[in-house]
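Asks: would you be able to build a 3D model of this:
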Amino acid sequence: MISSDRSDSWRRAFQVELRAEAIGLAFRGWPVLPGTYPAGSVWAGRDGYAASGPVPVHADWQARVGTAAEVVATWWTGQPHSLLLATGAGFDAIEVDVDLGREAARVLRSVGVPVPIIGTPDSRWLFLTTSGGALGTDLAAAGAVLHGAGEWITLPPSPAAHGVVHWRVKPEVCGWRIPDSRTVQDALLTALGLPTFDSLVTELVAAD
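Replies: Numbering: from 1, shown residues only. Next up is the predicted model:
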C-alpha cells in the first residue's frame, strides 16, 4: 500500500510538472499540444490507438496550434498528458543520432552559438530551429530527419517507454533564441567533415 501511495504521488507530481512546463512554453508562444501518455509498454491513444511514441490527444490538433496559455492550462488539468511541440509552426527540429548530435553540439559551443537540444531515452538528439529550412541531401543520407509542417516532437519532461525526454541544452541557456535551420545544418555538416552552406558557423569554425 505504501509503495502504491508513493507511486501515485510521484505520478501526480510529474503531471503537475508537465502542466507547468506546457503553460510556461505557451506563454512564450511555443505551439504546445497535449499528447497521449504511456501505459505499460505502449502509448494509449484515442480509439485504442497504440504507437511507438505519443500522438496528439485531439484529432483537430492542427487547428489548436497557437492556443492561448490559459486554454492550454485546461488541457493538462487532472490529465496525464505528455507534452508535444507542433513543428512547422515557427519551430522545426532536426533529429540525429547521439554521436553526431554530441559532435555538432561541440561545434556550436566552440563558436558561441548555443542551440536548444532535446535528448531521448533511445539516444536521439533533436536540435530546435526556426521553421522553413529544407534538409540538405548530405544530412538526409547521414540519417538526419527533419520534423516540419504537419508533424510534432515530444518535449521534456515527457515520459517515454524507457525513460524521460530531457533537455541536453535548455532554451534558457540560449536566451530563448532559436537559430535558423542553416546554422544547425552547417554545424552537423562540419561535424561530419562535409562541405557546408558557408554560413556564420563555417566562418567562425575556420577562424577558431
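Asks: ranking helices and strands of the chain by mean pLDDT, which lands last?
Replies: helix 200-207 (a mean of 51; mean pLDDT, DSSP states H and E).
Asks: am I right that Val184 sits in a strand?
Replies: No - with DSSP: H, G, I helix; E, B strand; the rest coil as the criterion, Val184 is located in helix rather than a strand.
Asks: that one contacts Ala93, doesn't it?
Replies: No - using CB atoms under 8 Å, Val184 is not in contact with Ala93, being 9.5 Å away. (Each C-beta comes from the backbone N, C-alpha and C, glycine too.)
Asks: these two - which one has more neighbours?
Replies: Val184 (30 against 26; other CB atoms under 10 Å).
Asks: what about stretch 24-33, average pLDDT?
Replies: Stretch 24-33 carries an average pLDDT of 97.
Asks: quick check: buried residues in it?
Replies: Leu25, Ala26, Trp30, Pro31, Val32, Leu33 (16 or more other CB atoms under 10 Å).
Asks: if we can go back for a sec, between Val184 and Ala93, which contacts overlap?
Replies: Phe127, Thr129 (CB atoms under 8 Å, 6 or more residues apart in numbering).
Asks: quick one, strands of this protein?
Replies: Ranges of strands in the chain, per DSSP state E, are 32-35, 37-39, 42-44, 82-87, 91-97, 117-119, 124-130, 145-147, 151-154, 159-160, 163-164, 166-169.
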